[in-house]
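Visitor: using only what follows, build the 3D model:
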Amino acid sequence: QVQLVESGGGSVQTGGSLRLSCAASARTLSNYVLGWFRQAPGKEREFVAAIHWSSNNTYYTDSMKGRFTISRDNAKNTVYLEMNNLKPEDTAVYYCAARYLIMVYTPTYDYWGQGTQVTVSP
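Guide: Model (predicted):
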């Protein structure tokens with residue numbers, strides 16, 4: 001069982017930055033992939049980035065690579081998503097998710113947080 005709580009969303013102007021946090025509660029995260037997805041109104045939930053907790057290997061959607069950075073803090077059981085040079089099209093609810101063992105780009109993760117809103121104004 002993994003519980004996930006996101007924080008750090010908000011409203012910024014184009015070009016601004018935000019850092020999202022996802023605090024994970026679990027006996028151990030060593031066998032999990034922690035990922036970030038987002039969903040804009042009327043659109044499907046899409047993959048943003050993911051990290052293997054044990055190997056620290058990271059994965060990104062090509063369009064976000066270079067602007068977004070995923071990282072984790074072992075001591076705090078927290079995964080972060082640093083977002084820079086934000087654009088209006090980045091406006092969405094951002095979700096943290098956890099999946100056992102295997103990283104996938106589809107939203108078929110086992111555990112989900114409640115989401116945090118990110119709004120980027122022109």
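Visitor: for burial, what's the neighbour tally of residue 121?
Guide: Residue 121: 11 surrounding residues under other C-beta atoms under 10 Å. Glycine gets a C-beta too; all of them are placed from N, C-alpha and C.
Visitor: then residue 16?
Guide: Residues within reach of residue 16, counting by other C-beta under 10 Å, total 15.
Visitor: and it, how far is that from residue 89?
Guide: To residue 89, residue 16 is 14 Å away according to C-beta to C-beta, to the nearest Å.
Visitor: shared neighbours, those two?
Guide: Residues touching both residue 16 and residue 89 by C-beta atoms under 8 Å, 6 or more residues apart in numbering: residue 120.
Visitor: which SSE is the residue positioned nearest the centre of the chain in?
Guide: For the chain, the residue nearest the mean C-alpha position is residue 36 (2.3 Å; C-alpha atoms, centre = their mean). Taking DSSP states H and E as the criterion, residue 36 maps to strand 32-39.
Visitor: flag every buried residue along that strand.
Guide: 32-38 (16 or more other C-beta atoms under 10 Å).
Visitor: and the helices in the chain?
Guide: Taking DSSP state H as the criterion, the chain carries no helices.
Visitor: shaky segments in it?
Guide: Within the chain, no stretch has pLDDT under 70.
Visitor: do a quick rundown of the strands in it.
Guide: 3-7, 10-13, 18-25, 32-39, 46-52, 58-60, 68-73, 78-83, 92-100, 111-112, 116-121 (DSSP state E).
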